[in-house]
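A.B. asks: build me a model:
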Amino acid sequence: MAEDIHSRRTAKQAQDPVCKMIVDVEKAAARIEHGEHAHYFCSEKCKHEFEKNPKKYH
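C.D. replies: The predicted structure is shown next:
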């Protein structure tokens, strides 16, 4: 069975909290600090969705 690249993580990858896509932290479309955590996003759209209601994604 082939490995799903969207579920694989390395130290340089993070999961977009909105759409759950795995993104390369160095190439992420957007990044924000929330509390003590950095969040990385696949798109500005996901970042804006997170900003509307951050508690929904924690």
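A.B. asks: which residues touch Ser43?
C.D. replies: Going by Cβ atoms under 8 Å, 6 or more residues apart in numbering, Ser43 touches Ala29, Ala30. No exception for glycine: its C-beta is placed from N, CA and C like everyone else's.
A.B. asks: let me see the backbone angles for the nearest residue to Ala29 once chain neighbours are set aside.
C.D. replies: Spatially, and ignoring its direct neighbours in sequence, Ala29 is nearest to Ser43 (4.9 Å; Cβ to Cβ, 6 or more residues apart in numbering). Backbone dihedrals for Ser43, given as degrees, to the nearest 10, come out at phi -160, psi 160.
A.B. asks: just the one 5 residues further on next, same as before
C.D. replies: In terms of degrees, to the nearest 10, the main-chain angles of His48 are phi -60, psi -40.
A.B. asks: how far away is it from His37?
C.D. replies: 18 Å (Cβ to Cβ, to the nearest Å).
A.B. asks: over to Asp24?
C.D. replies: With distances taken as Cβ to Cβ, Asp24 is found 18 Å from His37.
A.B. asks: thank you kindly, that will do.
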